[in-house]
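> sharing a model that was predicted from the sequence below.
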Amino acid sequence: MLTARECRQRAQDCLQLAVRSADFFAQDALVRRAGFFQHTADDLTNAYTRDHQYGTGLEQQAKVPQV
């Protein structure tokens, strides 16, 4: 699975390729793909922030009550 940083890099790469391409449909596809990578990077960043800010909930499930 890609990291957020890798997704952002791939988005940049797609945009650079789109600028260099002479074909409108290739440009359109590359810009859309860049948007997908950027959206994925944002989701990964938000999930990381949420999990580290609020916890995953697994900590509570792992605690066994002492008798």
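Done, it's in. Numbers count the residues shown, from 1 in each chain.
> the residue nearest the centre of the chain: what's it in contact with?
Centroid-nearest residue in the chain, with C-alpha atoms, centre = their mean: Ala41, separated by 2.0 Å. The contact partners of Ala41, taken as C-beta atoms under 8 Å, 6 or more residues apart in numbering, are Ala4, Arg5, Cys7, Arg8, Ala11. (Each C-beta comes from the backbone N, C-alpha and C, glycine too.)
> would you show me how to pick out the buried ones of these in PyMOL?
Filtering these down to the buried ones (16 or more other C-beta atoms under 10 Å) takes a single PyMOL command:
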select buried, resi 4+7+8+11
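> now the contacts of Ala41 in CSV, with pLDDT?
Below are the contacts of Ala41 laid out as CSV (pLDDT from 0 to 100):
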residue, pLDDT
Ala4, 95
Arg5, 96
Cys7, 97
Arg8, 97
Ala11, 98
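> ok so, going back, and the residue nearest to the centre of the chain, what element?
Per DSSP states H and E, Ala41 falls inside helix 24-54.
> how about that helix: buried residues?
Applying 16+ other C-beta under 10 Å to helix 24-54 flags Gln27, Leu30, Val31, Arg33, Ala34, Phe37, Gln38, Thr40, Ala41, Leu44 as buried.
> let me know the closest of these to Leu15.
Ala34 (4.8 Å; C-beta to C-beta).
> before we move on, the earlier item: now do the helix holding Ala41, average pLDDT.
Mean per-residue pLDDT for helix 24-54: 91.
> quick one: distance of it to the chain centre.
Distance of helix 24-54 from the chain centroid (C-alpha atoms, centre = their mean, to the nearest Å) equals 4 Å.
> got the contacts of Ala41 as TSV, with secondary structure and distance to Ser21 columns?
Shown next, in TSV, are the contacts of Ala41 (DSSP: H, G, I helix; E, B strand; the rest coil; distance: C-beta to C-beta, whole Å):
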residue	secondary structure	distance to Ser21
Ala4	helix	26
Arg5	helix	25
Cys7	helix	21
Arg8	helix	20
Ala11	helix	16
